[in-house]
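> no sequence for this one, just the structure:
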């Protein structure tokens, strides 16, 4: 069920042109920049976007310009775990085996030090359930994090209700170009 839905939503996203995903990304990042959780956070973990994901370039530029503590993920070789590296410059980034930019060096940051996590996602629902890429990297990471978790996705990837499993971690917010969804507490 999840695999079929993931495939369908990825196909929907792939139908968006580069200019469409760029415009959607700008609207979403503008909403994130206006969030109180973002403004108050001192240490922010942010994914490095690839292909037609919601681009985090503007967000990363803002974080670096503000001098906030920016942390980005790096895959621990041979595992489905992430480690978290302080990023001080884009010059630290090189593509990994999947072509995803990662820091080649930098100080490791423990998940407990994070105030906010910006999460990639394939799809989501209005209750802030997240559908990821199916590899489990973020599920493991998010399960051990007390930070506020915000997912970014185009509105076309919102579904009425996602199938949820016990290991799935609900986000605090999902931001689309048209609306911000908030987890019911």
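Arrived safely, thanks for sending. Computed from a predicted structure; not experimentally measured.

> Point out where this protein drops to low pLDDT.
185 (pLDDT under 70).

> What pairs with the lengthiest strand in the chain, parallel or antiparallel?
Ordering each strand of the chain by length in residues (DSSP state E) puts strand 69-75 first. In the sheet, strand 69-75 lines up against strand 43-46 (parallel), strand 82-86 (antiparallel) (DSSP bridges).

> These into TSV, with extra columns for distance to residue 151 and mean neighbour count?
Quick note: C-beta positions are derived from backbone N, CA and C, even for glycine. Listed next are these as TSV, based on distance: least, Cβ to Cβ, whole Å; neighbours: other Cβ atoms under 10 Å:
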stretch	distance to residue 151	mean neighbour count
strand 43-46	12	23
strand 82-86	16	19
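
> Need these in TSV (columns: distance to residue 73).
Formatted as TSV, those follow (distance: least, Cβ to Cβ, whole Å):
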stretch	distance to residue 73
strand 43-46	7
strand 82-86	4
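
> so who does residue 55 touch?
The neighbours of residue 55, taking Cβ atoms under 8 Å, 6 or more residues apart in numbering as the test, are 21-22, 25, 29, 49.

> no, scratch that, I was asking about residue 114
Contacts of residue 114 (Cβ under 8 Å, 6+ apart): 43-45, 71, 84, 145, 147.

> before we move on, the earlier item: which residues does the longest strand of the chain contact?
Under Cβ under 8 Å, 6+ apart, the answer for strand 69-75 is 42-48, 60, 63-64, 81-88, 96, 100, 102-103, 109, 114, 137, 141.

> Equivalent analysis for stretch 161-177, please.
Applying Cβ under 8 Å, 6+ apart, the set of residues contacting stretch 161-177 is 1-2, 5, 23-24, 27-28, 31-32, 35, 37, 119, 121, 123-131, 138-139, 142-143, 148-155, 158, 180-183.

> Mind giving me the ChimeraX command for buried ones among these?
A single ChimeraX command selects the buried members of these (16 or more other Cβ atoms under 10 Å):
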select :2,5,24,28,31,32,35,37,119,121,123,124,125,126,127,128,129,130,131,138,139,142,148,149,150,151,152,153,154,158,181
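
> What about the contacts of stretch 161-177, which are in strands?
Those of the contacts of stretch 161-177 lying in strands (DSSP E): 119, 123-124, 130-131, 148-152, 180-182.
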